Structures are given as structure tokens and as C-alpha cells.
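Novice: Sequence and predicted model, in that order:
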Amino acid sequence: MARGRDEARIVRAYLDAIDNGAKRPGRRRTPESINKQIAQVDALLREAHGIEKLKLVKQRRDLEATRAKVVPVADRDGLEREFVRVARSYGERRGIDYAMWREVGVPAAVLTKARVQRTRLSTAGSAKR
């Protein structure tokens, strides 16, 4: 039972990291790149007035909120290693197949490392008689 809880915790942490750091076009956001943007906004704030200052304050707050959600790459790599270790047994125990993992955003390469096998859907019910 403890093994199941540990695996669930690992899977949850990895899926949260993918949700917060993927599925967006362009470069992956890092805490360092966000800090650089915040510094640029702070520099602009020194000269801004009125509505422009308000917009910059909002932009800085949005960047700070984003920074709090971004998982550093090193942490993400560790989460991925842990996920690879438990994904197959967790999925088998819970009836989660390859397509389900892919649907929630787990990359195919990660599933290959985890030895999660692709399965084919049964076509017996769809054949015409």
C-alpha cells in the first residue's frame, strides 16, 4: 500500500510539472529567463507614469506568479527519472495504457524509457458483417 502511495505521489508531481512547463510554443520558460523579464519591467517602471505604470505593475505580478509555477529544468529531470521508474507498474495497476498517458501530455520518449507498451485498440466490434 505504501508503494502505491509513493508511486501516485511521483506520478502526480511529474504530471503537474508537465502541465506547468509544456504545451506552449517557443522556448521553455525558466526561472532565470523570467527573472530577466522582471528586471526589464522594473527598469521600465522607473520612468513610467499613469496607465503605462499600471500595466507594468500587472506584468511584473503576472511574471512573479509564473515564476512560482515554473519547475527548474534540473528538478524536472529528476521528476522524469522518478516517473520513468514507476510509470509502468502504476499504469498496469491502475489500468492506464499508453494512449491515456499520451493524452495527458507524457512524451512518447518518456513512455519508451518507462517501457510502457503501445497497445492496439480492438477492431472486432467495428468490423462489418
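Specialist: Great, that's in hand.
Novice: Name the residues of stretch 33-45 that are buried.
Specialist: 34, 37-38, 41 (16 or more other CB atoms under 10 Å). Yep, even glycine has a C-beta here, placed from its N, CA and C like the rest.
Novice: Show me how far that stretch is from its chain's centre.
Specialist: A distance of 24 Å separates the centroid of the chain from that of stretch 33-45, by CA atoms, centre = their mean, to the nearest Å.
Novice: Do a quick rundown of the strands in the protein.
Specialist: For the chain, applying DSSP state E gives no strands.
Novice: Flag the shaky bits of the protein, pLDDT-wise.
Specialist: 20-28, 71-74, 120-129 (pLDDT under 70).
Novice: what's the residue closest to the geometric middle of it?
Specialist: I18 (1.0 Å; CA atoms, centre = their mean).
Novice: Excluding chain neighbours, what is closest to it?
Specialist: Spatial nearest neighbour of I18, excluding adjacent residues (CB to CB, 6 or more residues apart in numbering): G105 at 4.8 Å.
Novice: What's the local residue count around the one you found?
Specialist: By other CB atoms under 10 Å, 12 other residues sit near G105.
Novice: got it, and E82?
Specialist: E82 has 17 neighbours, counted by other CB under 10 Å.
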